[in-house]
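Peer 1: Below: sequence and its predicted model.
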Amino acid sequence: ESSAVHKWYGIVLNKHSEFQGTKATIQNSFVVRDHWRKAVELNEGDATAHALLGEWSFSVAGLSGVTRSIAAALFASPPTATYQEALDAFLKAESVQPGFWLKNQLNIAKCYVHLSNPPEAAAWLHRLLNAAAKSEEDKSVQTEAEALLKKLKL
């Protein structure tokens, strides 16, 4: 088995589901999560796979009441996750490959905001704002980080 195959299968299925709407995204969420878990299991050193699991947990933790109702109607046990689980995955990704993706650092900060720890969120925001932007995505992430830092008022 290949970690990369599981990681990319999850990525492609996740993107495909997004185009099909909320119901398809929920229906495929377990499969996506399981492929990313398998990718991590097969290659603990893959920071991206850890970050993808974090993004999955973050999005599930933030599901709206309407989306949760749809999920409950589709499954006996709808997907569940917490911001702490998301944070753990993002921090693991960062420990495996520090600074590999500025968006991962932004996601860490967002988790700390949701976990009521603004000082730690601010520390991660400052860290990513001090990093060199290497892509348009990085620039966008830094713009979002600046806005979030202003909201924290620290």
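Peer 2: Happy to help now that I have it.
Peer 1: Tell me, how many residues neighbour Ala123?
Peer 2: Neighbour count for Ala123, taken as other C-beta atoms under 10 Å: 14. Every residue, glycine included, has its C-beta placed from N, CA and C.
Peer 1: Same question for the one 5 residues further on.
Peer 2: By other C-beta under 10 Å, the residues close to Leu128 number 24.
Peer 1: For Gln84, see how far away Val141 is.
Peer 2: Using C-beta to C-beta, to the nearest Å, Val141 is found at 22 Å from Gln84.
Peer 1: what's the single longest helix in the protein?
Peer 2: Ranked by residue count under DSSP state H, the longest helix found in the chain is helix 22-42.
Peer 1: which helices and strands sit right next to that helix?
Peer 2: If you count contacts as 3 or more C-beta pairs under 8 Å, 6 or more residues apart in numbering; DSSP states H and E, helix 22-42 packs onto helix 3-20, helix 47-61, helix 65-74.
Peer 1: which of the residues in the last one are buried?
Peer 2: The neighbour-count criterion (16 or more other C-beta atoms under 10 Å) identifies Thr67, Ile70, Ala71 as the buried residues of helix 65-74.
Peer 1: residues in contact with the second one?
Peer 2: Right, Ile70. Thr22, Lys23, Ile26 (C-beta atoms under 8 Å, 6 or more residues apart in numbering).
Peer 1: could I get those as CSV with neighbour count?
Peer 2: As requested, the contacts of Ile70 are exported to CSV (neighbours: other C-beta atoms under 10 Å):
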residue, neighbour count
Thr22, 15
Lys23, 14
Ile26, 22
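Peer 1: Out of the residues you listed, which is nearest to Leu13?
Peer 2: Nearest to Leu13 out of these is Ile26 (C-beta to C-beta; 12.7 Å).
Peer 1: now that closest one: how far from Ala93?
Peer 2: Distance from Ile26 to Ala93, by C-beta to C-beta: 25 Å.
Peer 1: for Leu106, same thing?
Peer 2: From Leu106 over to Ala93 (counting by C-beta to C-beta), the distance is 12 Å.
Peer 1: between the two, who's got more neighbours?
Peer 2: Per other C-beta under 10 Å, whichever of Leu106 and Ala93 has more neighbours is Ala93, with 27 against 23.
Peer 1: tell me which element the more buried one falls in.
Peer 2: Here Ala93 sits within helix 83-96, counting by DSSP states H and E.
Peer 1: Which residues does the helix or strand just after that helix contact?
Peer 2: Moving toward the C-terminus from helix 83-96, the next helix or strand (DSSP H and E) is helix 102-114. Contact partners of helix 102-114, identified using C-beta under 8 Å, 6+ apart, comprise 47, 51, 54-55, 58, 61-62, 83-84, 86-87, 90-91, 93-94, 99, 118, 120-122, 124-125, 127-128, 131, 133, 137-138, 141-142, 144-145, 148, 152.
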